[in-house]
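>>> Just the structure for this:
(one chain, ligands or ions: 1)
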Amino acid sequence: MSVDLEEMSAFFNNRALQYDSVHVATIDGGAESKRVLASFFPENAETLIDLGIGTGLELEAIFARFPDIRVTGYDIAEGMLKLLAEKYPGKTLDLRLESYLSADFGRGAYDAALSVMTLHHYGHEAKTAIYRKIFDCLRPGGVYIECDYILSDYEYDDPQKAEDEIFERCRQLRAEQSLDGGAEYHFDTPCTVGNQKKMLASAGFREIKEVWQIKNTIVLTATKQNNLESCRISSSP
Ligand SMILES: C[S@@+](CC[C@H](N)C(=O)[O-])C[C@H]1O[C@@H](n2cnc3c(N)ncnc32)[C@H](O)[C@@H]1O
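Residues are numbered from 1 along each chain as shown. Alright, predicted model coming up:
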């Protein structure tokens, strides 16, 4: 079956009004996959960067645990951000209409970083570059939490084969539709758990763990160790 690929921000802007109900009803893990995320944050987190924040479904449980947390959120779909801005009056939200692929996140500023159901639209190269920027923008001891559509042996005997076939399908569709190489189009290209972990490790993260899973929705956490911990590891026999 052929699918017409839509430019990424247009895809989400066109669906923003129905997004909350449709998204939660269709993803593995449903609303629980958003609620569970706050439990993986470091104690006393004061600052959060959230990539592809959308309408902010994941923020409700985070604000319940950390009422005063300051959130910087990136998204390219203005319609999604508008709905988010109406949802949490009184909270400190810095919403940026900008792609996380090109944005500069700064250095050492955040206690926690989060991406929820967004990075499965991108390939290894883009993801690894994003993970490096996330690593740099976390303070030492900070934690990155990713909740996403990830390929595991839950559904696939050979997750790598499945990943290769999905990326090939994406390449074919883009070629058939003569799509602009510089723009992003909406198509799900999930990676295997093993590849996710390798990319996070190559960006500098340690303690990379699968902490939650319902079917194809998996939560990974990864820590930016402080200097003392890195010294301990590198000097241990
Ligand atoms: C499936 S929604 C997830 C929204 C929210 N995190 C959630 O879990 O409900 C994916 C979001 O990622 C955003 N997105 C996709 N590519 C992006 C990019 N390059 N930069 C910033 N946001 C992006 C989309 O606009 C959309 O709002």
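
>>> So which residues on the protein come close to the ligand?
Neighbours of the ligand within the chain, by CB under 6 Å from any ligand atom: 8-9, 12, 23, 52-54, 57-58, 74-77, 80, 99-101, 116-118, 121, 184. Any C-beta I mention is one placed from the backbone N, CA and C, and that applies to glycine too.

>>> ok, of these, which come out buried?
Buried members of those, scored by 16 or more other CB atoms under 10 Å, are 8-9, 12, 23, 52-54, 57-58, 74-77, 80, 100, 116-118, 121, 184.

>>> Just these: which are in strands?
If you go by DSSP state E, these have Tyr74, Asp75, Val116 in strands.

>>> I'd like the residues you listed laid out as a markdown table, including pLDDT.
Output for these, formatted as a markdown table (pLDDT from 0 to 100):
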| residue | pLDDT |
| --- | --- |
| Tyr74 | 99 |
| Asp75 | 99 |
| Val116 | 99 |
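
>>> Adding distance to Pro190 as columns, could you present these in CSV?
Supplementary listing: these in CSV, determined by distance: CB to CB, whole Å:
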residue, distance to Pro190
Tyr74, 21
Asp75, 20
Val116, 14
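
>>> residues contacting Tyr122?
By CB atoms under 8 Å, 6 or more residues apart in numbering, the residues touching Tyr122 are Leu101, Ile130, Glu184, Thr189.

>>> What segments of this structure are helices?
Per DSSP state H, the chain carries helices over the ranges 8-26, 32-35, 59-65, 78-87, 124-137, 159-176, 193-202, 227-235.

>>> Which residue lies closest in space to Ile208, excluding its sequence neighbours?
Leaving aside its chain neighbours, Ile208 sits nearest to Ala222 (4.5 Å; criterion: CB to CB, 6 or more residues apart in numbering).

>>> Distance-wise, check that neighbour relative to Tyr156.
Relative to Tyr156, Ala222 is positioned 23 Å away (CB to CB, to the nearest Å).

>>> Between those two, which has more neighbouring residues?
Per other CB atoms under 10 Å, whichever of Ala222 and Tyr156 has more neighbours is Ala222, with 26 against 15.

>>> For the lengthiest strand in the chain, buried residues please.
For the chain, the longest strand by residue count, based on DSSP E, is strand 138-149. For strand 138-149, a neighbour-count test (16+ other CB under 10 Å) marks Leu138, Arg139, Gly142, Val143, Tyr144, Ile145, Glu146, Cys147, Asp148, Tyr149 as buried.

>>> Now flag whichever of the residues you listed is closest to the ligand.
Cys147 (7.2 Å; CB to the nearest ligand atom).

>>> Touching, the closest one and His120? I think so.
No: in this structure, Cys147 is not within contact of His120 by CB atoms under 8 Å, at 10.4 Å.

>>> circling back to that earlier point, pLDDT-wise, what's the bottom of the contacts of Tyr122?
Minimum pLDDT across those is recorded for Glu184, with 95.

>>> Pretty sure it sits against His121.
Yes: in this structure, Glu184 is within contact of His121 by CB under 8 Å, at 7.1 Å.

>>> For Glu46, which of the helices of the chain is the nearest?
Of all the helices of the chain, it is helix 59-65 that lies closest to Glu46, at 12.0 Å by CB to CB.

>>> How far off centre is that closest one?
Mean C-alpha position of helix 59-65 versus that of the full chain (CA atoms, centre = their mean, to the nearest Å) differs by 17 Å.

>>> Keeping just the C-alphas, turn it into PDB.
Coordinates of each C-alpha in helix 59-65 appear next as PDB, following Å, rounded to 0.1, in the frame of the first residue of the first chain:
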ATOM      1  CA  LEU A  59       3.600  17.100  31.700                       C
ATOM      2  CA  GLU A  60       0.600  16.400  33.900                       C
ATOM      3  CA  ALA A  61       2.300  13.700  36.000                       C
ATOM      4  CA  ILE A  62       5.600  15.600  35.900                       C
ATOM      5  CA  PHE A  63       3.900  18.700  37.400                       C
ATOM      6  CA  ALA A  64       2.100  16.500  40.000                       C
ATOM      7  CA  ARG A  65       5.500  15.300  41.200                       C
END
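
>>> No further queries at this time; thank you.
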